[in-house]
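In: Show me how the following folds:
(chains A, B, C and D)
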2 protein chains.
Amino acid sequence: MVSMKDISQRCGVSVATVSKALNDQSDIGEETKKHIKEVARQMGYFPNASAKQLKTNRSNNIGVLMIDEAGMGLTHDFYGNILENIRATAEEKGYDITFINCNEQATKMSFLEHSRYRGLDGVAVVCAGYNDPEVVELVNSDLPVVTVDHVFNGVSAVISDNVKGMRELIEFIYREKGHRDIAFIHGTDSAVTRNRLASFYRTMEELGGKVPDEYVCEGAYRDTAGSHDHTLRLLKMKNPPTCIIYPDDFALLGGLNAIQELGLSVPEDISIAGYDGINISQVLEPKITTIKQDTALMGKKTAECLINLIERPKTTIIERVVVDGKLLKGGSVRSLED
Amino acid sequence: MVSMKDISQRCGVSVATVSKALNDQSDIGEETKKHIKEVARQMGYFPNASAKQLKTNRSNNIGVLMIDEAGMGLTHDFYGNILENIRATAEEKGYDITFINCNEQATKMSFLEHSRYRGLDGVAVVCAGYNDPEVVELVNSDLPVVTVDHVFNGVSAVISDNVKGMRELIEFIYREKGHRDIAFIHGTDSAVTRNRLASFYRTMEELGGKVPDEYVCEGAYRDTAGSHDHTLRLLKMKNPPTCIIYPDDFALLGGLNAIQELGLSVPEDISIAGYDGINISQVLEPKITTIKQDTALMGKKTAECLINLIERPKTTIIERVVVDGKLLKGGSVRSLED
DNA sequence: AACAGTTCCTTAATCGTTTTCGCTATATTA
DNA sequence: TAATATAGCGAAAACGATTAAGGAACTGTT
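Out: Below is the predicted model:
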């Protein structure tokens, strides 16, 4: 590896001068600067990140925390997409991405300790147990942090508008498609779930619809078996719903199986809707009625917001970036006007 | 941040002594060592990774290269799973993971330059354009590298046994299910594709089956539209196949749509099979007949192999780790014995 | 008592940068 | 002409760790 020392010797100047030239400092002659840069290029020079980091306390490296309960964070379309877009945006601005999910390392460090150990400039909390003391410690530290789909006091967050999304979904199903008996298998308790659930109730109320208690039950995200069972139960009721909303598109597939088992078909006999708008949802027939979350924008905003916090700590205020979802009408909800 | 200096002052010893104590060096008294460690713990000491790296030229950081043609590497079940398992295994051994896909950074570095810049101890090439000069430069460098599902001369590789997998799949479809007219929509040219294709032809030959040229065509991985069109063409032939094998489970779904469009059903009218065994394949009904690639093991082996190369360069030989897939019989291939 | 051999610790150099401060030479001004 | 400002560069300290070499205080041997 060629270092500044090598360049300085070749150019007959001091190391300090080389540093200044390469960093476009002011007190350096135009001629010298140009020459040094040219020589550096020729010699294939690249800075040594750790030396630079040691001196400046800046790593140009962003941490990503991404732990799914099920340990499938990365294989989840939704999170995978967000991560990919965080990465791409960070990269444009010269940042790299390092994972900080240290679960089982020999020398047990907390997330915060791990971040400091690596000298990360900031952390994006994409998904995690938000009650985890380690997560709380991390977001409450002085390290720049942006959370996704969860709001902490005093911490910037990028959130998908689940309230609006659920409202749009319900309005579509209720108004445009004429359904009145709508069941909602919601996910396990979390900020996201609470928002969707509240929005579900509120919108139904606004529209003048009734929601029997038996129509609402707790499933789990991405749990096909659970959705399957709930669906069977719902369809065997004396007054079954005409439409079932699932925790997400993946869980919906479990419900779809149950429906097929009963010899029913979608959307003729029963309408279904999901949430997320994962790839697969628009491939199957009928295409699934769902709210597509704008993961590309969420990832981009997360990176931008975090890098702002890092680079302009003075001017940056705590942000709440709300990203709208988009209704994909699909064909899995039939019109009851027929 | 508390440094060794702080500890040394508190303990009344030199920084060198602290370093040796914390690193379990030999020339240090048991008493002192214990005391220093205790004080370090109390003070919440953690090493400074960049300082350590600067001195030792070891970062305990592994690079991951993961670029899909479609830019969807991370959202692909298969790669996502592998990455997750590389991460988990690396973590156990004290390594972190950093992405090195530098496409559009201002200061354009090649993958190798980027790796050196960050001082990465090694790189796992999970997916990339294997003809890309930058990739070639990387694998031919003296940096420890392990590639996944692609073999470079003199470079360790973890590969899924596509030859065996395809053979098992064909034997199941041909022997156990009695199909003779089997079509294969294969993926675009790559080592993986070539192996599967060769194995397809060879196995059919061994079994005494015939493969009309029109039964074999090139699709693209994860391309539902392409599979859709190919499926229509195949089914409209005068002698249509009784079974179609798709590039992967996801692409298969496009074919499934085409089949439904024609009013046919699986597996009664036409049998289909995929490859990969992604989550979704075992959720839909009928469950898809496919070869589940052992992504967990592939990721684990990749990390282990790479860390071996890093930590024991002398003793480690270039490895070819072959990971078997597993036939998931599913229900999408009917028996022709009926 | 003198010597070597251990044991345990310190000193100091080093990794590749950044950055403060000071120096020199030239340009500007009084 | 002398004083001062400015531009361009270098010397050296620092960031936080590792490590080779050296030294002091013991122990044990002859």
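In: so where do the strands sit in the stretch 201-338 of chain A?
Out: A:216-218, A:243-245, A:271-273, A:290-292, A:320-323, A:326-328 (DSSP state E, counting those that start in this stretch).
In: Apart from its chain neighbours, what residue comes closest to residue A:141?
Out: Using Cβ to Cβ, 6 or more residues apart in numbering or on different chains and skipping the chain neighbours, the partner closest in space to residue A:141 is residue A:112 (5.3 Å). For the C-beta atoms, the positions are set from N, CA and C on the backbone; glycine is no exception.
In: For residue A:85, see how far away that neighbour is.
Out: Per Cβ to Cβ, to the nearest Å, residue A:112 is found 25 Å from residue A:85.
In: neighbour count winner among these two?
Out: residue A:112 (24 against 21; other Cβ atoms under 10 Å in any protein chain shown).
In: Where does the more buried one fall, secondary structure wise?
Out: Following DSSP states H and E, one finds residue A:112 within helix A:111-118.
In: Just the mean pLDDT for that helix, thanks.
Out: Averaging pLDDT along helix A:111-118 gives 95.
In: what's the residue of the stretch 101-250 of chain A found nearest DNA strand D in contact with, if anything?
Out: Across the stretch 101-250 of chain A, the shortest distance to DNA strand D (Cβ to the nearest atom of the strand) belongs to residue A:117, at 8.9 Å. Residue A:117 is in contact with A:109, B:46-49, counting by Cβ atoms under 8 Å, 6 or more residues apart in numbering or on different chains.
In: May I ask which two of those are separated the most?
Out: Greatest spatial distance among the contacts of residue A:117 (Cβ to Cβ): A:109 and B:48, at 12.9 Å.
In: and the two? which has more neighbours close in?
Out: Taking other Cβ under 10 Å, residue A:109 and residue B:48 do not tie; residue B:48 has more neighbours (20 against 16).
In: is it true that the more buried one touches residue B:2?
Out: No - if you go by Cβ atoms under 8 Å, residue B:48 and residue B:2 don't touch, sitting 10.1 Å apart.
In: Chain neighbours aside, what residue packs nearest to the residue sitting nearest the centre point of chain A?
Out: By Cα atoms, centre = their mean, the mean C-alpha position of chain A lies nearest to residue A:82, the distance being 4.5 Å. Closest residue to residue A:82 apart from its sequence neighbours, by Cβ to Cβ, 6+ apart: residue A:299 at 4.3 Å.
In: Just the pLDDT for that neighbour.
Out: 97.
In: quick one: contacts for it?
Out: By Cβ under 8 Å, 6+ apart, the contact list for residue A:299 reads A:81-89.
In: follow-up on the earlier one: following the chain past the helix holding residue A:112, name the next helix or strand.
Out: Assigned by DSSP H and E, the successor of helix A:111-118 is strand A:122-127.
In: For that next one, which outside residues touch it?
Out: If you take Cβ under 8 Å, 6+ apart as the criterion, strand A:122-127 is touched by A:62-68, A:73, A:79, A:82-83, A:86, A:100, A:111, A:115, A:135, A:138-139, A:143-150, A:302-303, A:306-307, A:309-310.
In: pLDDT of that strand, averaged?
Out: Per-residue pLDDT over strand A:122-127 has a mean of 95.
In: Equivalent analysis for stretch A:269-287, please.
Out: Here the average pLDDT along stretch A:269-287 is 92.
In: Span of that stretch from start to end?
Out: With Cα to Cα, to the nearest Å as the measure, stretch A:269-287 spans 16 Å from end to end.
In: Now do it: distance to the chain's middle.
Out: 21 Å (Cα atoms, centre = their mean, to the nearest Å).
In: and what of stretch A:126-144?
Out: 15 Å.
In: Next SSE downstream of the one helix or strand residue A:146 maps to?
Out: Residue A:146 belongs to strand A:145-148 when assigned by DSSP H and E. Next in sequence after strand A:145-148, counting helices and strands by DSSP H and E, comes strand A:156-160.
In: and that next one with strand A:122-127, angle?
Out: On the basis of axes from the mean of the first three to the mean of the last three Cα atoms, to 10 degrees, strand A:156-160 is oriented at 30 degrees to strand A:122-127.
In: Pull up the pairing partners for strand A:156-160, direction included.
Out: Here strand A:156-160 has these sheet partners by DSSP bridges: strand A:145-148 (parallel), strand A:320-323 (parallel).
In: Report the mean confidence score over it.
Out: Mean predicted lDDT for strand A:156-160 stands at 96.
In: what packs against the helix or strand of chain A with the lowest mean pLDDT?
Out: Ranking every helix and strand in chain A by mean pLDDT, DSSP states H and E puts helix A:77-92 at the bottom, with a mean of 91. Contact analysis of helix A:77-92 by 3 or more Cβ pairs under 8 Å, 6 or more residues apart in numbering or on different chains; DSSP states H and E lists strand A:61-66, strand A:96-99, strand A:122-127, helix A:295-311 as its packing neighbours.
In: circling back to that earlier point, CA atoms of the strand holding residue A:146 as CSV?
Out: Taking Å, rounded to 0.1, in the frame of the first residue of the first chain, the C-alpha atoms of strand A:145-148 are listed here in CSV:
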residue,chain,number,x,y,z
VAL,A,145,-29.6,7.5,15.0
VAL,A,146,-32.5,7.2,12.7
THR,A,147,-35.2,4.6,13.3
VAL,A,148,-37.5,3.1,10.7
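In: Other residues contacting that strand?
Out: With contact meaning Cβ under 8 Å, 6+ apart, strand A:145-148 is reached by A:82, A:122-127, A:130, A:138-139, A:155-159, A:298, A:302, A:305-306, A:309.
In: So how do I select the buried members of these in PyMOL?
Out: Applying 16 or more other Cβ atoms under 10 Å in any protein chain shown to those, the buried members can be selected in PyMOL as follows:
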select buried, chain A and resi 82+122+123+124+125+126+127+130+138+139+155+156+157+158+159+298+302+305+306+309
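In: which ones among the contacts of strand A:145-148 come in contact with DNA strand C?
Out: Of the residues in the contacts of strand A:145-148, proximity to DNA strand C by Cβ under 7 Å from any atom of the strand holds for none.
In: Tabulate the contacts of residue A:117 in a markdown table, adding columns for secondary structure and distance to DNA strand D.
Out: Below are the contacts of residue A:117 laid out as a markdown table (DSSP: H, G, I helix; E, B strand; the rest coil; distance: Cβ to the nearest atom of the strand, whole Å):
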| residue | secondary structure | distance to DNA strand D |
| --- | --- | --- |
| A:109 | coil | 13 |
| B:46 | coil | 7 |
| B:47 | coil | 4 |
| B:48 | coil | 3 |
| B:49 | helix | 9 |
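In: quick one: least confident of the residues you listed?
Out: For the contacts of residue A:117, the pLDDT minimum is residue A:109, 87.
In: Tell me how far that one lies from chain B.
Out: Note on residue A:109: its distance to chain B, by Cβ to the nearest Cβ, to the nearest Å, is 6 Å.
In: picking that back up, of the contacts of residue A:299, which is the most crowded?
Out: Neighbour-wise, the contacts of residue A:299 (other Cβ under 10 Å) top out at residue A:82, 33 neighbours.
In: Pretty sure that one sits against residue A:300.
Out: No - in terms of Cβ under 8 Å, residue A:82 does not count as a neighbour of residue A:300; the distance is 9.4 Å.
In: residue boundaries of the helices in the stretch 201-338 of chain A?
Out: With DSSP state H, counting those that start in this stretch as the criterion, the stretch 201-338 of chain A has helices at A:224-235, A:249-261, A:295-311.
In: Make TSV from these and add distance to DNA strand D to it.
Out: As requested, the helices of the stretch 201-338 of chain A are exported to TSV (distance: least, Cβ to the nearest atom of the strand, whole Å):
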stretch	distance to DNA strand D
helix A:224-235	48
helix A:249-261	44
helix A:295-311	19
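In: which residues touch whichever residue of the stretch 151-300 of chain A sits closest to DNA strand C?
Out: For the stretch 151-300 of chain A and DNA strand C, the shortest gap (Cβ to the nearest atom of the strand) falls at residue A:156, measuring 25.8 Å. For residue A:156, the contacting residues are A:145-147, A:305-306, A:309, A:318-321, by Cβ under 8 Å, 6+ apart.
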